[in-house]
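coords please:
(one chain, ligands or ions: 1)
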Amino acid sequence: MIDRPVALVTGGSRGIGRAVSIELGRLGHAVVVNYATRPEAAHEVASQILSLGAPAITVQADVGLSSDRNRLVEQALKHFGRVDVLVNNAGITSVGRRDILEATEESWDQVFATNLKGPFFLTQLVAREMIRLIRAGNLSGGKIINISSVSAYAVSTNRADYCMTKAALAMMTKLFAVRLAEENIQVFEICPGVIATDMTAPVKEKYDRLIAEGLWPIRRWGQPEDVARAVAAIVQDAFSFSTGMRLDIDGGFHIRVL
Ligand code: NAP
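This next block holds a predicted model:
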C-alpha cells in the first residue's frame with residue numbers, strides 16, 4: 001500500500017476535475033484521473049501530476065455503468081492499495097438544452113446516469129472500501145466530495161434533467177454524511193457557480209453579458225482553480241468538525257438581493 005493519501009477524481013481529465021486533480025497532486029496525493037472518452041486529456045493531467053512529484057494513473061470508465069465503476073475502484077486499489085478521497089466530479093449538461101416541454105428521455109437517461117446514479121453507486125462502492133481499510137487500521141478516515149451546482153436550486157427550464165440531478169446530489173450528500181459519520185468518513189457538497197470550462201464555452205457570450213450586469217456580486221467568471229482550492233481546504237482538514245456541508249464557490253450567486 002502506498003504511503004501517501006490517494007484521491008480518485010471522476011472526470012479528472014478536463015475542466016474542474018482537471019484543476020482538482022492537479023491541486024491534489026500538488027498537495028502530495030496520488031491521483032486516479034478518471035475520464036470517459038478522451039485519453040489524451042487524462043494523460044496530460046497525469047503527466048502534470050507526475051512532474052509535481054506525485055504518482056498518478058489514468059483510468060477510462062463511464063461512471064454511469066456498474067461494470068466500469070467496479071473496474072475503476074479495482075484499478076485504484078490495485079495500483080495504490082487505498083482510497084482516501086473520492087471527488088464525484090464527472091457530469092454532463094442536458095443534451096441539446098431543450099425546453100422542458102421538449103425534453104427527451106434520451107437526455108434524461110444519460111444525464112441521470114452520469115450525474116446521479118454514477119456518483120451514488122460509486123460513493124457506495126468507495127465507502128465500503130474505505131470502511132474496510134479503516135477497520136483494518138490502514139486508513140485514518142475518508143473524505144467524499146460531490147460537485148453539485150447552483151442548478152441544484154436555480155431553475156433553468158432548458159436543463160430540467162441537469163437541475164434535478166444536482167438537487168438530488170445535495171440530498172445524497174446529506175444521506176451519506178449521516179450514514180458515514182460513525183465510520184469517520186466526511187461528506188461534502190461543493191456548489192460551483194458558473195465556471196469557465198468546455199461545458200460553459202457554448203454559453204460564453206450570454207454569461208459575459210450577465211456577469212457585466214452583476215448577476216452575482218463578484219463580477220468575474222469562476223475558474224476551475226477556484227473549485228480546486230475548496231477541495232484543497234477540505235482534504236487539508238479545514239473542516240474537521242463538519243459533514244454534509246455545502247461550500248458555495250459561486251461569486252456570491254446564492255445570496256438573494258433586493
Ligand atoms: P467538462 O469541462 O465538460 O468536463 C467533464 C469531465 O467529465 C471530463 O473529464 C469528461 O471526460 C468527464 N465525463 C463526462 N462524462 C463522464 C462519464 N460518464 N464518466 C466519466 N467521466 C465523464 O465539465 P466541467 O465544467 O469541468 O464540470 C465538472 C463538474 O462540475 C460537473 O459535474 C458539472 O455539472 C459541475 N459544474 C460545472 C459548472 C460549470 O460552470 N462549468 C458549474 C457548476 C457545476 P471525457 O472528456 O473523457 O469525456
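
The lengthiest strand in the chain vs the ligand: in contact?
Identified as the longest strand of the chain according to DSSP state E is strand 185-192. Yes: legend: contact between strand 185-192 and the ligand by C-beta under 6 Å from any ligand atom is shown at Pro192. Placement of C-beta: from N, CA and C, glycine included.

Tell me the residues of this structure that contact the ligand?
So the chain meets the ligand at 10-11, 13-17, 34-38, 41, 62-64, 89-92, 114, 147, 149, 192, 194-195, 197-200 (C-beta under 6 Å from any ligand atom).

Just the buried ones out of those residues, please.
10-11, 13-17, 34-36, 41, 62-64, 89-92, 114, 147, 149, 192, 194-195, 197, 200 (16 or more other C-beta atoms under 10 Å).

So which of those sit within helices?
Under the assignment DSSP state H, those contribute 15-17, 41 to helices.

out of the residues you listed, who's nearest Asp99?
Nearest to Asp99 among these, counting by C-beta to C-beta, is Gly15 at 25.6 Å.

now the closest residue to that closest one other than its chain neighbours: how far from Ser240?
Nearest non-adjacent residue to Gly15, counting by C-beta to C-beta, 6 or more residues apart in numbering: Thr197, 3.3 Å away. Thr197 sits 30 Å away from Ser240 when distances are taken as C-beta to C-beta, to the nearest Å.

returning to what we had before: what helices and strands are in contact with the longest strand of the chain?
helix 118-135, strand 142-147, helix 160-181, helix 224-235, strand 245-249 (3 or more C-beta pairs under 8 Å, 6 or more residues apart in numbering; DSSP states H and E).

That strand: partners in the sheet, and parallel or antiparallel?
Its sheet considered, strand 185-192 pairs with strand 142-147 (parallel), strand 245-249 (parallel) by DSSP bridges.

In contact with the closest residue in space to Arg26 that isn't next to it in sequence, which residues?
Distances taken as C-beta to C-beta, 6+ apart put Leu52 closest to Arg26, at 5.3 Å, once the chain neighbours are dropped. The contact partners of Leu52, by C-beta atoms under 8 Å, 6 or more residues apart in numbering, come to 22, 25-26.

Would you quantify the distance from Leu52 to Ala46?
11 Å.

contacts for stretch 219-237?
Applying C-beta under 8 Å, 6+ apart, the set of residues contacting stretch 219-237 is 5, 7, 15-16, 18-20, 22-24, 27, 29, 85, 87, 143, 145, 147, 186, 188, 190, 192-197, 207, 211-212, 239, 247, 249-251.

Just the buried ones from those residues?
The buried subset of these (16+ other C-beta under 10 Å) comprises 5, 7, 15-16, 18-20, 22-24, 27, 29, 85, 87, 143, 145, 147, 186, 188, 190, 192-197, 207, 211, 247, 249-251.
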